[in-house]
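here's my sequence, what's the structure:
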Amino acid sequence: MELVYLWVEEYKNIHKQGFNFSPRFYCEYNPDDNNLTICDKKKKECKDNDYIENFFGDNINVTAIVGKNGSGKSSLLEIINILTNNQVNQKLNCNYVLIFNNGKYISNINNLKSDFLNEQVEYKDIYTFGFFSETSLEKKHLERDIDISTEKIIELLQSVNIFNIPIKSSKVFTFIPKILIYDVLPEETLLKKVKNKFCELIDTEMEYQKFIDFLQEIKNYDNEIQFILSKILQEDTLSWLDNFDFDEYILNHSDEFEIFISNSILKVIEFQNISEIQWHFLIKHKHILKFEFIDHKGLKYRDLSHGEKTIFSLFLHITRIIDDYIGRKHCLTLLDEIDIPLHPNWQKSLIESIRSIAIRQDFIHYIITTHSPFLLSDIPKQNIIFLDTYKEDDKEVVEGKQKVGNCKVVDGLNEKKETFGANIHTLLSDSFFMEDGLMGEFAKGKIDKAITLLNQEHLSDEDLKYCEQIISIIGEPIVKNQLQRMLDSKRLKKIDEIDAIRSSMEAMQKRLDELEK
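Okay, the predicted model is just below:
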């Protein structure tokens, strides 16, 4: 089941706008007569038929959403998440239509007119997961940024078989941990985490100080203290501490305490040899443990760059989604500008990598917002939604009001250029990405000053020196050569002026000598 089309009446800066997500179908909804027209390119019904079947592989689709900041990219992902997670009553108060390729749909419009639609989709058949760069954590199945903490990594490693991930040969995926090392955090670090926990749950530090006093009384019982600190970090309330009896508590949790004691000393173990009991211990007490992951070459997780950790965590997340929800009729993965922390070389490989992970899923649809032309060169333009906003000079109005600032779908790049396999500089130079060219504003200011000086009739020696220095460090050969010609021309003109003055002075001197005789 593939996401095909979305029409939204009103959400943030999206106003009566439709979005096509599938390269196979072209849809358009008319709110005036509730008529939904759908063109199936596979059946040759469309005028411009550019559909290529299974372009990204069987049961995989990738849709990119591009646009400048404020054009509505993240808002579009948000509304998809709201609709597919049945959060409409709490989050939305407008008409909407969401269509899938099997004719199923989600809508609150009762009299939709279309031969394509058959029945409302069941939410249990859809699983939506994603990373949002600027949305709140309260959204179901969404996370703010990609968590690269070792606590999150150990949780992900427990839920996936790292050795079965099908992208081990990927240019991006370079880290597959073989060895796990873990130990209990130092008491000072633990107490800081516990104090933060207390501050979250109570308005005063008085209770925390009472707890510290209690710990002082049992300071000879290191394992017991660690166990209790771990329990506090797991709980959402501190009420169980009100009438806390140390001996009784340890007695009531004796089995769990024994597991804790036997596993809480420094351990070095291969991932494939971790038992179920050890995994239970690691996940339950991950808040008080410090972890290190080492691959077969001896590379440590802590030595990875932020980008390396981000891509590693992302692939673990996607793999877990596919492993956990394989068999679902549809899996939507919403990725909001995940390319930002990645090196350009990894951005080039990202589409191929996430595509190769998805080969085991019944159907997975990646919807990605991005500013990166590196990603777009892997995606045909029929798989890209181009967003812009209405400007002051746009004449279109809605219900007597200008659309200024509202999101609008535009028809690709200028001059109908293709994106797939395109040169990165060709994509960047398109005004859709860079209206004012590719040069940095600081450099542009310096060069503009040199041009202004070189266009003057007369230049001082200081002005000539400035122009000479700026021209010598310009990296763009066409600009550099043109300015160099202007500079050489000014120098020649100045030399001619000097020669003329010198000749005039010589003539005057000769006349003066004649007069003196």
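
now the helices for the stretch 301-450 of the chain?
All helices of the stretch 301-450 of the chain, identified by DSSP state H, counting those that start in this stretch, fall at 306-325, 344-357, 373-376, 424-429, 441-454.

could you say what helices and strands the first one packs with?
Other helices and strands packing on helix 306-325, by 3 or more CB pairs under 8 Å, 6 or more residues apart in numbering; DSSP states H and E, are strand 126-132, helix 150-159, strand 330-336, helix 344-357. Where you see a C-beta, it was placed from the backbone N, CA and C, and this is true even at glycine.

looking at these, which is buried most?
strand 330-336 (a mean of 24; mean count of other CB atoms under 10 Å).

the bottom helix or strand of this protein by mean pLDDT?
Across the helices and strands of the chain, mean confidence by mean pLDDT, DSSP states H and E is lowest for strand 397-398: a mean of 52.

nearest residue to residue 308 in space, please, no chain neighbours.
Excluding the flanking residues, the one nearest residue 308 by CB to CB, 6 or more residues apart in numbering is residue 175, at 6.5 Å.

no no, residue 385
residue 65 is the one closest to residue 385 (CB to CB, 6+ apart), at 4.7 Å.

now for that neighbour, how many residues are close by?
Residue 65 has 25 neighbours, counted by other CB atoms under 10 Å.

remind me, longest helix of the chain?
Selection of the longest helix in the chain by residue count, based on DSSP state H, yields helix 477-516.

avg pLDDT for that one?
Computed over helix 477-516, the mean pLDDT rounds to 80.

mind listing what's buried in it?
For helix 477-516, the buried set under the neighbour-count rule, 16 or more other CB atoms under 10 Å, comprises 479, 480, 483, 486, 487, 490.

for the nearest residue in space to residue 152 that is not next to it in sequence, give me its contacts.
Spatially, and ignoring its direct neighbours in sequence, residue 152 is nearest to residue 313 (6.8 Å; CB to CB, 6+ apart). Residues near residue 313 by CB atoms under 8 Å, 6 or more residues apart in numbering: 146, 147, 148, 152, 153, 156.

run the last query once more with 10 Å
131, 145, 146, 147, 148, 149, 152, 153, 156 (CB atoms under 10 Å, 6 or more residues apart in numbering).

helix, strand, or coil at the fifth one?
I take that to be residue 148. coil (DSSP: H, G, I helix; E, B strand; the rest coil).

burial check on the closest residue to it other than its chain neighbours, number of neighbours?
With CB to CB, 6+ apart as the criterion, residue 148 has its nearest non-adjacent residue at 4.0 Å, and that residue is residue 309. Using other CB under 10 Å as the criterion, residue 309 is surrounded by 20 other residues.

so residue 309 sits right up against residue 315, yeah?
No. The pair residue 309 / residue 315 is not scored as a contact, 11.2 Å apart, by CB atoms under 10 Å.

list the residues that contact both of those two?
residue 175.

just give me the neighbour total for the nearest residue in space to residue 386 that is not next to it in sequence.
Nearest residue to residue 386 in three dimensions, chain neighbours excluded: residue 410, at 4.8 Å (CB to CB, 6+ apart). Look at residue 410: counted by other CB under 10 Å, it has 14 neighbours.

please begin residue numbering at 346 from this point
That works, and once the first residue is 346, the last one we named lands at residue 755.

settle this for me: residue 755 is touching residue 732, isn't it.
Yes. Assessed by CB under 10 Å, residue 755 is found in contact with residue 732 at 7.2 Å.

returning to that earlier point: for residue 424, find the nearest of the helices and strands packed on helix 651-670.
strand 675-681 (10.6 Å; CB to CB).

now that closest one - C-alpha only, CSV.
Extracted as CSV, the C-alpha positions of strand 675-681 are listed here (Å, rounded to 0.1, in the frame of the first residue of the first chain):
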residue,chain,number,x,y,z
HIS,A,675,2.1,-0.3,4.7
CYS,A,676,5.0,1.4,6.4
LEU,A,677,5.6,5.1,6.2
THR,A,678,9.0,6.5,7.3
LEU,A,679,9.1,10.2,7.6
LEU,A,680,12.6,11.7,7.6
ASP,A,681,12.8,15.4,8.2
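
that one pairs with which strands?
strand 471-477 (parallel), strand 709-715 (parallel) (DSSP bridges).

that strand versus helix 689-702: what angle between them?
170 degrees (axes from the mean of the first three to the mean of the last three CA atoms, to 10 degrees).

tell me how far strand 675-681 is from the chain's mean position?
Centroid separation for strand 675-681 versus its chain: 12 Å, with CA atoms, centre = their mean, to the nearest Å.

next: stretch 850-857.
With CA atoms, centre = their mean, you get 77 Å for stretch 850-857.

also stretch 369-384?
Centroid separation for stretch 369-384 versus its chain: 31 Å, with CA atoms, centre = their mean.

how far away is residue 726 from residue 444?
21 Å (CB to CB, to the nearest Å).

per-residue pLDDT, the nearest residue to residue 429 once chain neighbours are set aside?
Leaving aside its sequence neighbours, residue 429 sits nearest to residue 473 (CB to CB, 6+ apart; 4.4 Å). Looking at residue 473, its pLDDT is 80.

residue 473 bridge partners, please.
Here residue 473, judged by DSSP bridges, has bridge partners residue 677.

helices or strands next to the helix or strand harbouring residue 539 in the packing?
In the assignment (DSSP states H and E), residue 539 maps to helix 532-546. Applying 3 or more CB pairs under 10 Å, 6 or more residues apart in numbering; DSSP states H and E, one finds that helix 532-546 contacts helix 551-562, helix 567-579.

and of the contacts of residue 658, the nearest to residue 800?
Using CB to CB, residue 490 comes nearest to residue 800 of the contacts of residue 658, at 48.7 Å.

thinking again about what came up before, reformat the strands paired with strand 675-681 as CSV; add distance to residue 455.
Shown next, in CSV, are the strands paired with strand 675-681 (distance: least, CB to CB, whole Å):
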stretch, distance to residue 455
strand 471-477, 21
strand 709-715, 27
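
from residue 401, how far out is the closest residue to residue 461 other than its chain neighbours?
Excluding the flanking residues, the one nearest residue 461 by CB to CB, 6+ apart is residue 383, at 4.4 Å. The spacing between residue 383 and residue 401, counted by CB to CB, is 22 Å.

check residue 430 too.
Distance from residue 430 to residue 401, by CB to CB: 25 Å.

between these two, which one's more packed in?
Neighbour count, other CB under 10 Å: between residue 430 and residue 401, residue 401 has more, with 22 against 19.

quick one, what contacts the more buried one?
Residue 401 touches 368, 407, 696-697, 699-700, 703, 709-711, 723-725, 728, counting by CB under 10 Å, 6+ apart.

out of these, which end up buried?
Listed as buried from these are 368, 407, 696, 699-700, 703, 709-711, 723-725, 728; burial here means 16+ other CB under 10 Å.

tell me the buried residues in the helix holding residue 539?
Buried residues in helix 532-546, counting neighbours by 16+ other CB under 10 Å, are found at 535, 536, 539, 542, 543.

stretch 629-637 now?
629, 630, 631, 632, 633, 634, 636, 637.

can you check stretch 524-533 too?
For stretch 524-533, by 16+ other CB under 10 Å, it's 525, 527, 529, 530.

equivalent analysis for stretch 457-466, please.
459, 461, 462, 466.

which residue, other than its chain neighbours, is closest to the last one?
In this structure, residue 466 finds its nearest non-sequential neighbour in residue 449, 4.0 Å apart by CB to CB, 6+ apart.

give me phi/psi at the one you found?
phi -80, psi 160 (degrees, to the nearest 10).

what residues are bridge-paired with it?
Under the criterion used (DSSP bridges), residue 449 bridges to residue 464.

quick revisit: let me know the closest of the contacts of residue 658 to residue 608.
Looking across the contacts of residue 658 and measuring by CB to CB, the closest to residue 608 is residue 498, at 18.4 Å.
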